[in-house]
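A.B. asks: whatever this is, show me its structure:
(one chain, ligands or ions: 1)
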Amino acid sequence: EIWPRGDEKTWKEGIRGVDSDVPSITKSIVNHVQTSLARQAYNVDNVGAYQAVALSVRDDLIANWNETQLYTTNKTPKRAYYLSLEFLMGRTLDNALLNLGLKQKYNEGVEKLGFNLEDIVDCERDAALGNGGLGRLAACYLDSSATQELPVWGYGLRYKYGIFQQLIAPDGSQLEAPDPWLNNQNPWELPRLDVTIEVRFYGHAERLDKGKAIWSGGQEVLAVAYDVMIPGYHTKNTNNLRLWESKPKRGFDLDSFNAGDYDRAVASSTSAENITSVLYPNDNTYIGKELRLKQQYFWTAASLSDIMRRFKNTGKNISEFPDFVAIQLNDTHPTLAVPELMRLLVDEEDVPWDKAWKIVTNTFFFTNHTVLPEALEKWPVPLMQNLLPRHMQIIFDINLQFLQSVERKFPGDRDRLARMSIIQEGTPQYVRMANLACIGSRKVNGVAELHSELVRTTIMKDFVDYYGVSKFQNVTNGITPRRWLDQCNPLLSDLITETLKIKKEVWLRDLYKLEGLLKFADDPTFQKKWAAVKQSNKERLAHHVETQFGIKVNTSAMFDVQVKRLHEYKRQTLNILGVVHRYLTLKAMSPAERKKVNPRVVFFAGKAAPGYYIAKLTIKLIVNVARVINEDPDTKEYLSMFFLPDYSVSLAEILIPASEVSQHISTAGTEASGTSNMKFCLNGGLLLGTVDGANIEIAEEVGESNVFFFGHLTPAVEELRYKHTYHPVPVEEKCPPLAKVLNEISSGRFGDGSVYEPLLNTIRQVDYYLVTEDFDSYIRALEMVDTAYQDRNGWIKKSICTTAKMGKFSSDRAIMNYAEEYWNIEQIKVP
Ligand code: B1N
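C.D. replies: Okay, the predicted model is just below:
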């Protein structure tokens, strides 16, 4: 059948391009109000207007998306796929308008219709299908892939509930509420009810000859595709993020239904739907739940089947698979893709085992995001055996061949074999997903220089010995300057454009151009403008805090921010203990002495995993300390502190531009990269941090004199921990000022002290994250911040120089690094 049917000219006339004049825009909005929303003009509120505007923008995205997909399919290039269980997208409307270059036009159009674009944009709910850095990184990489005109698709899950909403109870406890983000329908996705894939669980696997097997029985579930359009910045290229939803293969069991057993009739359909119900709310910790393993397999099986189908449509020979497909594994979560591709090739495509293994190991690339032992995934063999009997066979077969080859290289080294085995021996045995991911991949990367080095020298050391070091290359993370500068900080973006005298579209695609700001760093007029932008962003945050939470904020104080997931390794405790120390110091001063002190407002925000007791207790301590110090008439002018509930991408977009200092104070060697550090610095906030993760590379770029570093270095950490465990020294001896702070908390100065004992004891006893070791130098670093801030012009200069040197941290650089060094894919510009 030839397309189009009928009259080609009539078809072509009907095809809609992107509306870019105000009258067509308003026409399209009104049209959506009237038809899609079935509303009348006098009956539209902000939410209705948001929906209509979103639908109108969506039409433009669909036009570009369609052209991109058709054009790319016809070119049959090599494609890359980013498999991630998390995509922390945030809001879409504002971003889409900026990327399409239509913001100004829509502003005018919406105004004409009696609305204000900012209010409309504020009606959108965040798409929060992620926990923290790992999920937000995936979102930044999609933006950069589209902007760099690379043929990259994301694959993930369409959770019905994203990361929980955080509420803070009056006593300071974190409460969790569900996030039913799809309740007010989602204009940014295209349901592809015709794209479905069957996914099997359980059953049994029967071995045939030549390594093949038949997997049958068990339960079959349907994966349904939802496509999310990802516009590039000022390009027609619009990529795809395909999210899978689980559905029962058959509605429900009619026999049971007819027999009157209604519960049973719907039970299997409920269990199928449960798979994509909810995002697991754990960051940097592994939770060995069967449902999580089901999510992982459901998603990798659906994605691989889809990728295989697309590859086969090109008509190429199966041995060419790695020449047309590259798959990035975002952490070990999608590692089942390795045995699954083996299964597809060997069992279904009849490819001999060795040839299949060659294809597999040339297709996958693996990113490790953490070396924390509690985050490394290990699935019990009995669990996997039951859920995925065929995959368990394949994993054992891969392991056998691999260990034989290790044995040939290192004969008789049994310890080495035990360490490198995919299977950890014991009762039960476990499948080590990082080993499997490494063995099944072409390359392995960490997310910052230090972290990649730690990967090479600790968790993957034996694999470096075996494969050689070239398999283990670093790719430092990045952030998209579109969302994290242009969108969240329009005043700064405009000032930069006006100063550099080049088009915004140019420097936002080549962030190194920011270096052009350096020559204005000493210019008093420019400094003044720079400071005014920061001030205005501080006021925007203060306004937000006041309207949302009813709290007044002193905008002439220094804004000091620590926002990230609550985790012991990130050491929010160090920060809060530092605040208490500051408070006690202020209390001990005379009023005259206090007058010389720099006022400071400390902001915290972040969610704790619902089952993470110590993290939740830390929130409670922050909230209750805040309550006391914010009400103390002696000190409140000089020190106040806020815990902002429900940290999200949208809240970050307000907080980050307002920050003057931000804290990234993990124990050295624990934060793989960090990405908010990059966002703060890009927005001219100075960094107070440890010598860890990407902090190190930021300091390399902006100069050590422009960051505030403190604390022990990575090599010292292990030794100190050993001492703490075997030769403990009481806090009173090691760090008297800290002991005083701990005792003040214990003695009830901030409410019943006994509540906090379990938290304080983590520091008094083993102190695994070395708060006692770094406290002194932390306090000194805070004092250095104060001193630097006294010199207003010096501070502004530091701020300018910081922004100017952040070019490296654009996710465009990172994604091009993947494209060139890992995936070997090329840019395709859609005409
Ligand atoms: O990934 C980010 C890094 O910038 C952070 O330093 C790192 O902590 C973060 C299991 C994780 N590592 N591991 C996770 C998340 C969810 C989960 O279920 C682990 N997140 C990170 C981006 O590279």
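A.B. asks: for the chain, where's the lowest mean pLDDT among helices and strands?
C.D. replies: Taking all helices and strands of the chain together, the one with the lowest average confidence (mean pLDDT, DSSP states H and E) is helix 254-258, at a mean of 74.
A.B. asks: tell me what the following helix or strand past that helix is packed against?
C.D. replies: Using DSSP states H and E, the helix or strand that follows helix 254-258 towards the C-terminus is helix 262-274. Contact partners of helix 262-274 among helices and strands, from 3 or more CB pairs under 8 Å, 6 or more residues apart in numbering; DSSP states H and E: strand 219-231, strand 238-248, helix 254-258. (Glycine included, C-beta is placed from N, CA and C.)
A.B. asks: so which of the ones you listed is nearest the ligand?
C.D. replies: Of all the helices and strands packed on helix 262-274, strand 238-248 sits nearest to the ligand, with 17.3 Å by CB to the nearest ligand atom.
A.B. asks: now do the contacts for residue 58.
C.D. replies: Residue 58 sits next to 187-188, 229 when contact means CB atoms under 8 Å, 6 or more residues apart in numbering.
A.B. asks: separation between the closest residue in space to residue 287 that isn't next to it in sequence and residue 294?
C.D. replies: Once its chain neighbours are removed from consideration, residue 287 has its nearest residue in residue 280; the separation is 6.0 Å (CB to CB, 6 or more residues apart in numbering). Here residue 280 is placed at a distance of 11 Å from residue 294 (CB to CB, to the nearest Å).
A.B. asks: equivalent analysis for residue 505, please.
C.D. replies: The gap separating residue 505 from residue 294 is 44 Å, by CB to CB.
A.B. asks: and the two? Which one has more around it.
C.D. replies: When residue 505 and residue 294 are compared on other CB atoms under 10 Å, the one with more neighbours turns out to be residue 294, at 21 against 14.
A.B. asks: can you pull the pLDDT of the more buried one?
C.D. replies: Among the per-residue scores, residue 294 shows a pLDDT of 98.
A.B. asks: likewise for the one 3 residues further on?
C.D. replies: Confidence per residue is given as pLDDT, and for residue 297 that number is 98.
A.B. asks: how many other residues sit next to it?
C.D. replies: Other residues near residue 297 come to 24 when the count uses other CB under 10 Å.
A.B. asks: quick one: what helix or strand has it in it?
C.D. replies: Assessed by DSSP H and E, residue 297 sits inside helix 290-313.
A.B. asks: okay, the angle between that helix and helix 262-274?
C.D. replies: With axes from the mean of the first three to the mean of the last three CA atoms, to 10 degrees applied, the angle from helix 290-313 to helix 262-274 works out at 60 degrees.
A.B. asks: check which helix or strand covers the nearest residue to residue 464 once chain neighbours are set aside.
C.D. replies: Computed as CB to CB, 6+ apart, the closest residue to residue 464 that is not its neighbour in sequence is residue 456, at 5.1 Å. Using DSSP H and E, the secondary-structure element containing residue 456 is helix 449-457.
A.B. asks: helices of the stretch 1-150 of the chain, start to end?
C.D. replies: Secondary structure of the stretch 1-150 of the chain (DSSP state H, counting those that start in this stretch): helices at 8-14, 22-34, 46-75, 93-100, 103-112, 117-121, 133-147.
A.B. asks: out of these, flag the one nearest the ligand.
C.D. replies: With CB to the nearest ligand atom as the criterion, the ligand lies closest to helix 133-147 of the helices of the stretch 1-150 of the chain, at 3.1 Å.
A.B. asks: which other residues reach whichever helix or strand comes after that closest one?
C.D. replies: Tracing the chain C-terminally past helix 133-147 and defining elements by DSSP H and E, one meets strand 152-157 next. Residues from elsewhere that reach strand 152-157 (CB under 8 Å, 6+ apart): 79-87, 129, 138, 141-142, 145-146, 230, 239-245, 276, 279, 295, 298-299, 303, 306, 815, 825.
A.B. asks: strand partners (parallel or antiparallel) of strand 152-157?
C.D. replies: Paired strands of strand 152-157, with direction, are strand 79-83 (parallel), strand 238-248 (parallel) (DSSP bridges).
A.B. asks: distance from the next helix or strand after that strand to the middle of the chain?
C.D. replies: Beyond strand 152-157 on the C-terminal side, the first helix or strand identified by DSSP H and E is strand 165-168. A distance of 20 Å separates the C-alpha centroid of strand 165-168 from that of its chain, computed with CA atoms, centre = their mean, to the nearest Å.
A.B. asks: elements contacting the helix or strand just after strand 165-168?
C.D. replies: Sequence-wise, the next helix or strand downstream of strand 165-168 (DSSP H and E) is strand 174-177. For strand 174-177, the contact count by 3+ CB pairs under 8 Å, 6+ apart identifies strand 165-168, helix 613-630 as packing neighbours.
A.B. asks: got the contact list for the shortest one?
C.D. replies: Around strand 165-168, the neighbours that count as contacts under CB under 8 Å, 6+ apart are 174-179, 607, 619, 623, 643, 645-647.
A.B. asks: enumerate the residues of the stretch 1-150 of the chain near the ligand.
C.D. replies: Residues of the stretch 1-150 of the chain lying near the ligand by CB under 6 Å from any ligand atom: 131, 133-134, 137.
A.B. asks: residue of the stretch 301-450 of the chain with the smallest distance to the ligand?
C.D. replies: Using CB to the nearest ligand atom, the single residue of the stretch 301-450 of the chain nearest to the ligand is residue 369, 3.3 Å away.
A.B. asks: residues touching that residue, list them.
C.D. replies: Counting by CB under 8 Å, 6+ apart, residue 369 touches 133-134, 330-331, 447, 672-673.
A.B. asks: over to residue 541?
C.D. replies: Neighbouring residues of residue 541 by CB under 8 Å, 6+ apart: 553, 559, 654-655, 657-658.
A.B. asks: one more pass at 7 Å, please.
C.D. replies: Residue 541 makes contact with 654-655, 658, according to CB atoms under 7 Å, 6 or more residues apart in numbering.
A.B. asks: now swap in residue 126 and tell me
C.D. replies: Counting by CB under 7 Å, 6+ apart, residue 126 touches 90-91, 648-650.
A.B. asks: next one: residue 229
C.D. replies: Each residue near residue 229 by CB under 7 Å, 6+ apart is listed here: 61-62, 65, 188, 238, 240.
A.B. asks: sticking with the residue nearest to residue 287, tell me its helix or strand.
C.D. replies: If you go by DSSP H and E, residue 280 is not part of any helix or strand.
A.B. asks: state the pLDDT value of the residue nearest to residue 757 when sequence neighbours are not counted.
C.D. replies: Nearest-residue entry for residue 757: residue 746, 7.0 Å, with adjacent residues in sequence omitted and distances by CB to CB, 6+ apart. The predicted local distance difference test score for residue 746 is 98.
A.B. asks: and if you look at residue 270?
C.D. replies: pLDDT, the model's per-residue confidence, is 79 for residue 270.
A.B. asks: number of nearby residues for it?
C.D. replies: 12.
A.B. asks: likewise residue 742?
C.D. replies: Under the criterion other CB under 10 Å, the count of neighbours that residue 742 has is 24.
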